[in-house]
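Peer 1: Prediction below, plus the sequence it came from.
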Amino acid sequence: MRVAIRVDASSEIGIGHVMRCLTLADALHRNGATVRFISRVMPAHMVQMMQERKHEFRLLPKRQNDDGIREFAHSHWLDVNQHVDASDTMEALGDHVWDWVVIDHYAIGAAWEKVARIKNSRVLVIDDLADRMHDCDVILDQNYYVNAQSRYDLLVPDNCFKALGPSYALLREEFYETAKTEAERDGLIRKILVGFGGSDPTNETAKVLQALEAPDFYKFQIDVIIGSVNQHKNSLFDRYAENSRINFHENATNVASLMSQADLSIGAGGAMNWERCFLGLPAIVIVVAENQAETSEALHQAGIVLNLGRHHEVSENMIARAVRNLDSDQVAMHCFSERSKNLMLPDGLAITNLKVLSTILDRS
């Protein structure tokens, strides 16, 4: 089986899209599939990661978007219109027949997907927004919404398979292995994990670390996950170079282990939500992108995370107050942990990747 994946990554787009596609690609590769990534913009270290995992990669040519068309809220992510991008992608796939084309891109919709369906067999779309029409065989949205089961009713074909909700989250194999041996959490805070994705353009990491400089937090050890494309990383490294409480992990490959060792996480409301929930790690969430707002608030209302709101509304004092409140409430910490795990594991351990993978294979 041959599977093509159209995805981009940059400081604006972030790396979350490509990371979840890599998770899917790895699972497919283990089952004998050949996977090719197609991108117009992709950091070099991400390309290296793909190739180290035995996936193919093709870079689309740079072009100027001269028609001024902005079909979607994120159309500027593509740099060209959908028709040009679809044509370039099909050319990059012209050496083989592809069983599936996977698309994880907010600037791509039904017009692009129609081209892929003409040229190839099946289309799987990974989305979070439900803000545009799709022409696909499978729609995958791993987010938690009150109206999750109806969000795409008018946006996809009637015969489209809807893989919706956190039980379809794309989690790396390390999370399943870690969950098998993870000890039950006791609700006490000794170690805090801070992580705001690969780029963290608004430097929420600095805000959180400053909040944790208060003397009553000296008892905490702090692990910080930081990406190589984070433009603030060097100033953070310099500022905390002599602080033995704080350990930075650049381009961490052991995120599951770091989460398992932590007692509380402070981070963004994107894909890391599902990683934290899977391991029952209580979380203080700060929304760093608009597409995180609705699902973060839904998780907050369900008592699964503590959502402080949009990043520009969150102060150091708010973060410090939230940490103090949780540090003094062992019962609340335990409840966050249990509700998180129950959200992700309604049917037992290690179901998520298998659900997505079996859906693709069964419909080939």
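Peer 2: Thanks, I have the structure now. Small disclaimer: the values here were computed from a predicted structure and weren't measured. Numbering: from 1, shown residues only.

Peer 1: So which residues make contact with the helix or strand where Gln48 lies?
Peer 2: Using DSSP states H and E, the element containing Gln48 is helix 44-52. Outside of helix 44-52, the residues within contact range by CB atoms under 8 Å, 6 or more residues apart in numbering are 9, 15, 18, 22, 25, 37, 56-57, 59, 228, 251. Glycine gets a C-beta too; all of them are placed from N, C-alpha and C.

Peer 1: same thing but at 6 Å, please
Peer 2: The contact list for helix 44-52 (CB atoms under 6 Å, 6 or more residues apart in numbering) reads 9, 18, 37, 57, 228.

Peer 1: Using PDB, list the CA coordinates for the helix or strand just after that helix.
Peer 2: On the C-terminal side of helix 44-52, the closest following helix or strand by DSSP H and E is strand 56-59. Only the C-alpha atoms of strand 56-59 are listed here, as PDB (Å, rounded to 0.1, in the frame of the first residue of the first chain):
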ATOM      1  CA  GLU A  56      10.000   9.500   1.500                       C
ATOM      2  CA  PHE A  57       9.900  13.300   1.200                       C
ATOM      3  CA  ARG A  58       9.200  15.700  -1.700                       C
ATOM      4  CA  LEU A  59       9.400  19.500  -1.500                       C
END
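
Peer 1: For strand 56-59, what is the distance to the chain centroid?
Peer 2: The chain centroid and the centroid of strand 56-59 are separated by 21 Å under CA atoms, centre = their mean, to the nearest Å.

Peer 1: What are the buried residues along it?
Peer 2: The neighbour-count check on strand 56-59 (16 or more other CB atoms under 10 Å) flags 56-57 as buried.

Peer 1: what's it packed up against?
Peer 2: Other helices and strands packing on strand 56-59, by 3 or more CB pairs under 6 Å, 6 or more residues apart in numbering; DSSP states H and E, are strand 34-39.

Peer 1: Paired strands for the strand it packs on, with orientation please.
Peer 2: Next to strand 34-39 in the sheet, as set by DSSP bridges, lie strand 2-7 (parallel), strand 56-59 (parallel).

Peer 1: mean confidence for whichever helix or strand comes after the longest one?
Peer 2: Which is strand 2-7. Once strand 2-7 ends, the next helix or strand along the chain (criterion: DSSP H and E) is helix 16-30. The average pLDDT within helix 16-30 is 93.

Peer 1: just stretch 139-154 next, same as before
Peer 2: Average pLDDT, stretch 139-154: 92.

Peer 1: List of residues touching that stretch?
Peer 2: Stretch 139-154 is contacted by residues 125-128, 130, 156, 160, 162-166, 168-169, 295, 298-299 when judged by CB under 6 Å, 6+ apart.

Peer 1: buried residues in that stretch?
Peer 2: 139-145, 148, 151-152.

Peer 1: Tell me which two in these are the farthest apart.
Peer 2: Ile139 and Tyr144 (15.9 Å; CB to CB).

Peer 1: Thank you, goodbye.
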